[in-house]
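Asker: Sequence first, then the predicted structure, then my questions.
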Amino acid sequence: MNANYNGLQTKLSKKASPTGWLGTTYFTLSYTWSHTIDNSSGFRNRNSSIPFFNRNVFRTSSDFDVRHQVSFSGGWDLPFDRMWSNGPKKLTQGWSVSPIMQWHTGFPLDVSANLSTRRSRPGPSGAGDSGLVFATMQQPLVFTDPHNATPGTAGNQYFNGKGNFVAPSDTVITGSYGSGRNIFRGPGHSNFDMALSKTTKLSRDDGKLALQIRAEFFNVFNSAQFLEPDTNISSDTFGQVTSTYPARVIQFGGKFTF
């Protein structure tokens, strides 16, 4: 494998401290720009094989390359005890909200020609590597929003796949490896999780005896976040998004400390 990584990592953080009438807040905001390049991404990745006689012909963005990523996590101790100073402390104190937000760009994708290695398919090198050939793109890709159903299709279209990619002849002897590896990217991904908790102190002396009740929300807004589209040139759903990340999940829990 011939690979390298370049990246820029930045972070802005605020330690837990009072923020006026808002109460105690703390957060960490980070941004990463990176670029991973290789000629093969290896085991359990989409592209793990390379032509023996031209080992850098597939050298481009790695299968797992993420160009931009933004993450935010923090906490807010709700100031109910200040807003209702005469209220019962066991009711007004100990409330916290903890959000986690994340966004990143999509992963690189390509379209294989789905050729097998046979005597009649020596491949571009002539040494039996037809299985490494990619489909040839006929015209520029046109991307559409998968949220909007496209008339005449059975699913959510992401790129113009049907008729645009063509597999080469069964008897590929010499020439190129098609349109190449990782020539476009899949959908980006954003997510918003949040936790709401209430900690109640049960002892007056050291406060070690306490009960925490917690509710956690994953994908709070239940927004559709799409996985990679179908890149199998032989599939009826080629170019369409057929699956999503999990829908909203809510779970509850309790913790007793002493």
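Answerer: On my side now, so go ahead.

Asker: ok now stretch 2-14, how far from the chain's centre?
Answerer: 17 Å (C-alpha atoms, centre = their mean, to the nearest Å).

Asker: next one: stretch 7-15
Answerer: Distance, stretch centre to chain centre, for stretch 7-15: 20 Å (C-alpha atoms, centre = their mean).

Asker: which residues are contacting that stretch?
Answerer: By C-beta atoms under 8 Å, 6 or more residues apart in numbering, the residues outside stretch 7-15 that reach it are 25, 26, 27, 28, 29, 30, 31, 32, 33, 34, 35, 74. Just so you know, the C-beta spots here come from the backbone N, C-alpha and C atoms, and that holds for glycine as well.

Asker: do stretch 246-255 as well
Answerer: Outside stretch 246-255, the residues that touch it by C-beta under 8 Å, 6+ apart are 211, 212, 213, 214, 215, 216, 217, 218, 219, 220, 221, 222.

Asker: Equivalent analysis for stretch 80-96, please.
Answerer: Residues from elsewhere that reach stretch 80-96 (C-beta under 8 Å, 6+ apart): 21, 23, 75-78, 195-201, 212.

Asker: From these, pick the one nearest residue 129.
Answerer: Relative to residue 129, the closest of these is residue 195; by C-beta to C-beta it sits at 51.1 Å.

Asker: if we can go back for a sec, which of the contacts of stretch 80-96 are buried? Put it as a PyMOL command.
Answerer: Buried subset of the contacts of stretch 80-96, written as a PyMOL selection, criterion 16 or more other C-beta atoms under 10 Å:
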select buried, resi 23+76+77+78+195+197+198+199+201
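
Asker: Would you format the contacts of stretch 80-96 as CSV with secondary structure included?
Answerer: Formatted as CSV, the contacts of stretch 80-96 follow (DSSP: H, G, I helix; E, B strand; the rest coil):
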residue, secondary structure
21, helix
23, coil
75, strand
76, strand
77, strand
78, coil
195, strand
196, strand
197, strand
198, strand
199, strand
200, strand
201, strand
212, strand
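
Asker: Out of the contacts of stretch 80-96, the closest to residue 134 would be?
Answerer: Top of the list for closeness to residue 134, among these and by C-beta to C-beta, is residue 195 at 44.3 Å.

Asker: Which pLDDT value belongs to the closest one?
Answerer: In this prediction, residue 195 carries a pLDDT score of 97.

Asker: Pretty sure it sits against residue 215.
Answerer: Yes: using C-beta atoms under 8 Å, residue 195 is in contact with residue 215, at 7.0 Å.

Asker: mind listing what's buried in the worst-scoring helix or strand of the chain on mean pLDDT?
Answerer: Among the helical and strand segments of the chain, the one scoring lowest on mean pLDDT, DSSP states H and E is helix 80-83, with a mean of 82. Neighbour counts over helix 80-83 (16+ other C-beta under 10 Å) mark 80, 81 as buried.

Asker: number of nearby residues for residue 251?
Answerer: Look at residue 251: counted by other C-beta atoms under 10 Å, it has 10 neighbours.

Asker: Then residue 63?
Answerer: Neighbours of residue 63 under the rule other C-beta under 10 Å: 21.

Asker: which one of the contacts of stretch 7-15 sits closest to residue 232?
Answerer: Of all these, residue 35 has the smallest distance to residue 232: 27.1 Å, by C-beta to C-beta.

Asker: need the next SSE after whichever strand or helix holds that closest one, C-terminal direction.
Answerer: Using DSSP states H and E, the element containing residue 35 is strand 24-38. Sequence-wise, the next helix or strand downstream of strand 24-38 (DSSP H and E) is strand 60-61.

Asker: what's the model's confidence in that next one, averaged?
Answerer: Here strand 60-61 scores 96 as its mean pLDDT.

Asker: swap in stretch 228-243?
Answerer: Average pLDDT, stretch 228-243: 92.
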